[in-house]
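In: heads up, no residue letters with this:
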C-alpha cells in the first residue's frame, strides 16, 4: 500500500505529547510509548517517528505540511525501509 506523506505528518502532529508514531508496511500507524520499539508478534514497524523532534517547532500543522525538508525526511525514511510513499 502506498502511504501519503500528508497522512504521516498529520499523525505525527496529532501524537505530540502522547508518544512516538510507528509506521507499518501496510501503511497503518500506531502511537507507541517513548522508548518502545513498536514491535509486536515479532513484527517491527518500518519506521518510528518522534513527533516532538520533528514537528514541535512549527506553530501550525499547515507549516509542517508545507515544509519540504520535513517531507523529504519522512519520504526518505519510508523509502529506505522498503515502503512506498507518495508526496501527494
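Out: Arrived safely, thanks for sending. In this text the structure is predicted, and so the values were computed from the model without any measurement.
In: partner strands of the strand or helix carrying residue 3, with direction?
Out: Using DSSP states H and E, the element containing residue 3 is strand 2-4. If you go by DSSP bridges, strand 2-4 pairs up with strand 84-86 (parallel).
In: ok, and what's touching the strand it pairs with?
Out: 1-5, 8, 74-75, 78-79 (Cβ atoms under 8 Å, 6 or more residues apart in numbering). To be clear about C-beta, it is placed using only N, CA and C from the backbone, and glycine gets the same treatment.
In: excluding its backbone neighbours, what's nearest residue 26?
Out: Counting by Cβ to Cβ, 6 or more residues apart in numbering, the nearest residue to residue 26 once its immediate chain neighbours are dropped is residue 1, at 5.5 Å.
In: ok, residue 48 - how many residues close by?
Out: For residue 48, the count of nearby residues is 17 (other Cβ atoms under 10 Å).
In: good, we can wrap up now.
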